[in-house]
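[1] everything below, folded, please.
(one chain, ligands or ions: 2)
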Amino acid sequence: MGFTMGLNLLLLVAMVATNILSLYHLSSTLQTPKRPPSPAPVPDHLLHQLQTIRATISHLTRLHPTTDSSTKPTTTTATTPSDLLLHSHLSPIATACHNHPDLLHRYMSYTPFSHCPQDSDELAESLILRGCHPLPRRRCFSKTPQKPTSSLPHNPFAPSLPDQNVLWNKYTCKSFNCLMRSNPKLGFDPIVETARFMTYTDELDLPIPQLLQIAKAANSALRLGLDVGGGTGTFAGRMKLYNVTVVTTTMNLGGPYNEAVALRGLVPLHVPLQQRFPVFDGVMDLVRCGHAVNRWIPLMAMEFLLYDVDRVLRAGGYLWLDHFFSKGVDLDKLYAPLIGKLGYKKVKWATGNKTSSKNGEVYLTALLQKPVSK
Ligand SMILES: *[C@@H]1O[C@H](CO)[C@@H](O)[C@H](O)[C@H]1NC(C)=O
Ligand SMILES: *[C@@H]1O[C@H](CO)[C@@H](O)[C@H](O)[C@H]1NC(C)=O
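    Ligands and ions are numbered 1, 2, ... in the order given. This is a model prediction of the structure:
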């Protein structure tokens, strides 16, 4: 009974969530389209729907799985799957958007068929970072730069990127040059970026020629990759020169990272770290996690992330943890065992002290190969 009930609740949640989106659309079409959006409070019907969703979810998460293993599998007395409960705590199902009705309301307060409001990008970014992804679609025109250049580089390592192709209003810096000067490590300095992934200074480095060599020696084709938290897309850019197609997940935290990736002729995916990778199972030859993937991610969320990496990797594909950092003791006690659970072959495993850290943090660079059969 519990299972059916859980399922019913899920369906209810899905139904309510769908309705709520329609309500948004409905209420926006019912308004006179010409009037600018007024800062009206969240409509009552919406609040009511939100309460229903919250109540349903909390009911769902209160259901505990029974440990009665004596039941025959045919009688579906099993309750809500425990991983569903777990994940709904990490990344609440159907509530991620609805937990922020104020932001969502502002995001969806626009005049249909007209220009999207000025603060759209910031609102989208805020919502996505809070786990509200995918965002609902809208029927408005996104703002575009006034005088973009059409002479775009094909080389991902062009000496400069065109400032006029970016909307700078939401950033402190108003040019790529400014970003580059503010911190050469942000990924906007072409000289720094040209050298990245090509040099070997210590054991934590894995230069791309070496990576390709390893794959070649193992008779494993590298054609497609996913770079998780890939900043301005330099890894994808370098791999492109080796005829490997890499897509980059990146957020616009403090700078136009997505635009930079695109201006370099690469594919930016605007998805947060907690998002299920938007690619199908077993299709990737390589997943690289840059140091955006680190101990700041809660352990349980990290576990779901690694298993999602496993999902998208093909058998024989590689996971490259590039400068993952954590406290030394945590690496031994938590992260190494967690990574070990995947059962991957350790092609490379190098650790080193994080010299910039006062907390005794260490780096791990690991290249792991997914087994062909489990
Ligand atoms: C990439 O592909 C092009 C066109 O097929 C070829 O000319 C070039 O040599 C390749 N580059 C590398 C590094 O394999
Ligand atoms: C790393 O740091 C630990 C203590 O913080 C120290 O004992 C160890 O010698 C250091 N290792 C290296 C290679 O510097």
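[2] give me the spatial nearest neighbour of residue 289, chain neighbours excluded.
    Among residues not flanking residue 289 along the chain, residue 228 sits closest, at 4.7 Å (Cβ to Cβ, 6 or more residues apart in numbering). Heads up, the C-betas are built off the backbone N, CA and C, glycines and all.
[3] tell me who's in contact with that neighbour.
    By Cβ atoms under 8 Å, 6 or more residues apart in numbering, the residues touching residue 228 are 249, 273, 277, 287, 288, 289, 290, 292, 293, 309.
[4] turn the residues you listed into CSV, including neighbour count.
    Formatted as CSV, the contacts of residue 228 follow (neighbours: other Cβ atoms under 10 Å):
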residue, neighbour count
249, 22
273, 17
277, 20
287, 26
288, 26
289, 24
290, 21
292, 17
293, 21
309, 24
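[5] for the residues you listed, which one is nearest residue 178?
    Within the contacts of residue 228, proximity to residue 178 (Cβ to Cβ) peaks at residue 292, which comes in at 22.4 Å.
[6] and the nearest residue to residue 277 once chain neighbours are set aside, how many neighbours does it have?
    Nearest non-adjacent residue to residue 277, counting by Cβ to Cβ, 6+ apart: residue 312, 5.1 Å away. A total of 19 residues lie near residue 312 under the criterion other Cβ atoms under 10 Å.
[7] test for you: state the pLDDT assigned to residue 312.
    Looking at residue 312, its pLDDT reads 98.
[8] surely it meets residue 278?
    No: assessed by Cβ atoms under 8 Å, residue 312 is found out of contact with residue 278, at 9.4 Å.
[9] quick check: residue 143 is in a helix.
    No: read with DSSP: H, G, I helix; E, B strand; the rest coil, residue 143 is coil and lies in no helix.
[10] please tell me how far the closest residue to it other than its chain neighbours sits from residue 267.
    Distance criterion Cβ to Cβ, 6+ apart; nearest residue to residue 143, sequence neighbours excluded, is residue 167 at 6.1 Å. Using Cβ to Cβ, to the nearest Å, we find residue 167 at a distance of 20 Å from residue 267.
[11] who has more neighbours out of the two?
    Set side by side, residue 167 and residue 267 show more neighbours around residue 167, with 15 against 12, by other Cβ under 10 Å.
[12] which residues touch the more buried one?
    Neighbour list for residue 167: 121, 143, 144, 145, 256 [criterion: Cβ under 8 Å, 6+ apart].
[13] so which of the residues you listed is the most crowded?
    Within those, neighbour counts (other Cβ under 10 Å) peak at residue 256, which reaches 24 neighbours.
[14] I'd assumed residue 169 was in contact with that one.
    No: Residue 256 lies out of contact with residue 169 (Cβ under 8 Å); the separation is 10.9 Å.
[15] got the buried residues for the longest strand along the chain?
    Using DSSP state E, we find that the single longest strand of the chain is strand 313-327. Neighbour counts over strand 313-327 (16 or more other Cβ atoms under 10 Å) mark 313-314, 316-327 as buried.
[16] give the pairing partners of it; include direction for each.
    Sheet pairing here is set by DSSP bridges, and for strand 313-327 it gives strand 284-289 (parallel), strand 361-369 (antiparallel).
[17] residue ranges with poor pLDDT in the stretch 51-200 of the chain?
    Residue ranges of the stretch 51-200 of the chain with pLDDT under 70: 51-78, 91-95.
[18] hang on, I meant the stretch 251-374 of the chain
    For the stretch 251-374 of the chain, the stretches flagged by pLDDT under 70 are 374.
[19] that older thread, of the strands paired with strand 313-327, flag the one that's most buried.
    With neighbours defined as mean count of other Cβ atoms under 10 Å, the strands paired with strand 313-327 peak in mean count at strand 284-289, which reaches a mean of 24.
[20] give me the contacts around that one.
    The contact list for strand 284-289 (Cβ under 8 Å, 6+ apart) reads 215, 220-230, 235, 244, 246, 309, 312-314, 317-322, 324.
[21] give the contact list for residue 319.
    Contacts for residue 319 were tallied using Cβ under 8 Å, 6+ apart; they are 286-287, 289, 306, 309-310, 313, 342, 344, 366-370.
[22] find the nearest non-adjacent residue to it, please.
    With sequence-adjacent residues excluded and distances taken as Cβ to Cβ, 6+ apart, residue 319 is closest to residue 368, at 4.6 Å.
[23] buried residues, stretch 269-276. List them.
    Counting neighbours by 16+ other Cβ under 10 Å, the buried set in stretch 269-276 is 269, 270, 271, 272, 273, 274, 275.
[24] what segments of this protein are helices?
    When assigned using DSSP state H, the helices of the chain occupy the ranges 2-30, 44-62, 82-90, 101-108, 120-129, 176-182, 190-195, 208-217, 234-241, 257-263, 299-312, 328-330, 336-340.
[25] determine how far stretch 186-200 lies from the middle of the whole chain.
    Mean-position distance between stretch 186-200 and its chain equals 23 Å (Cα atoms, centre = their mean, to the nearest Å).
[26] name the residues that touch it?
    157-161, 176, 179-180, 184-185, 205, 207-210, 231-232, 234-235, 237-238, 255, 257, 260.
[27] next, the buried residues of it.
    Neighbour-count burial for stretch 186-200 flags 186, 187, 188, 189, 190, 193, 196, 197 (criterion: 16+ other Cβ under 10 Å).
[28] do the same with stretch 336-348
    338, 339, 342, 344, 347, 348.
[29] hang on, residue 371 packs against residue 317?
    No: using Cβ under 8 Å, residue 371 makes no contact with residue 317, being 10.2 Å away.
[30] can you count the residues close to residue 146?
    For residue 146, the neighbour count with other Cβ under 10 Å is 7.
[31] tell me which residues touch it, please.
    Per Cβ under 8 Å, 6+ apart, neighbours of residue 146: residue 164.
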